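[1] missing the sequence, but the structure's below:
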């Protein structure tokens, strides 16, 4: 696993154009939302999302990390973290190969950690000004450690389906939706994330997001589906 990550990082660096005075094609955004209440109960929550992207003529590399934490009366009720990277190699204008690495924690759902490595094929179904839609299909491996006394560990092969929609609805307003399905013998994982961004001033924007996560295999007395809604502020660069 560590060797794979190291190889991809080296590949990213080698394929990046290095020019003096140039940001080498990097772009990204950071989003943060925080709530806090006190009185009969003390509750606080925080959610964050960091994305970085590097595009060259033949390659696109994307790094992402996101998390959500909720604490009520000094007890953590929600703790979810996800990080990953994806590299795409464009062999035509509309077609590409990809490789992904993902890491996730979701302790309320009984998941101490989960990692996956996949490769596959992607197709740009729509590519025009203000609107794009990509679809991907692939396969790979997944490793899971449960949040139980035995810390059960499982490994299986998975199939992967994903899509990414990016729609500039109007000037200063953008809608994005990402859907991911990882299907294996031990578990089927689904995540859908929808975001509506509205420009505030300059590179600062407000964001409304709605996320649905579902695991088919969860501990007893644990719901299979989680949904959450978030209001955040973000900055793009």
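    Cool, got the structure. This is a predicted model, so every value here is computed, not measured.

[2] contacts, neighbours, all on C-alpha from now
    Will do.

[3] what about the helices in this protein?
    Assigned by DSSP state H, the helices in the chain fall at 2-15.

[4] find the residue at the geometric middle of it.
    Among the residues of the chain, the one closest to the centroid is residue 64, at 5.8 Å (Cα atoms, centre = their mean).

[5] what pLDDT does the nearest residue to it once chain neighbours are set aside get?
    Distance criterion Cα to Cα, 6 or more residues apart in numbering; nearest residue to residue 64, sequence neighbours excluded, is residue 51 at 4.5 Å. Per-residue pLDDT puts residue 51 at 95.

[6] for residue 126, same thing?
    95.

[7] look up how far residue 58 lies from it.
    19 Å (Cα to Cα, to the nearest Å).

[8] so where's this protein shaky on pLDDT?
    For the chain, the stretches with pLDDT under 70 are 1-24, 39-41, 108-109, 149-151.

[9] what sits against the closest residue in space to residue 88 that isn't next to it in sequence?
    Take residue 88 and drop its neighbours on the chain: the residue closest to it by Cα to Cα, 6+ apart is residue 98, 4.3 Å away. Contacts for residue 98 were tallied using Cα atoms under 8 Å, 6 or more residues apart in numbering; they are 86-89, 119-122.

[10] now residue 205, nearest residue through space, not along the chain?
    Nearest to residue 205 is residue 199, by Cα to Cα, 6+ apart, at 4.2 Å.

[11] can you tell me which residues contact that neighbour?
    Residue 199 neighbours (Cα under 8 Å, 6+ apart): 172-173, 205-206.

[12] closest one to residue 156 out of these, please.
    Checking those against residue 156 with Cα to Cα, the nearest one is residue 206 at 39.5 Å.

[13] mind listing the strands in this structure by residue range?
    Assigned by DSSP state E, the chain shows strands spanning 26-37, 43-55, 59-72, 75-90, 95-106, 111-128, 131-146, 153-170, 173-184, 188-201, 204-215, 225-236.

[14] between strand 43-55 and the fourth one, find me the angle.
    Spelled out, that is strand 75-90. 10 degrees (axes from the mean of the first three to the mean of the last three Cα atoms, to 10 degrees).

[15] strand 75-90 packs against which elements?
    Helices and strands touching strand 75-90, by 3 or more Cα pairs under 8 Å, 6 or more residues apart in numbering; DSSP states H and E, are strand 59-72, strand 95-106.

[16] got the angle for that strand vs strand 111-128?
    Here strand 75-90 runs at an angle of 40 degrees relative to strand 111-128 (the same axes, to 10 degrees).

[17] if we can go back for a sec, for the residue nearest to residue 64, the count of nearby residues, please.
    The number of residues packed around residue 51, counting by other Cα atoms under 10 Å, is 18.
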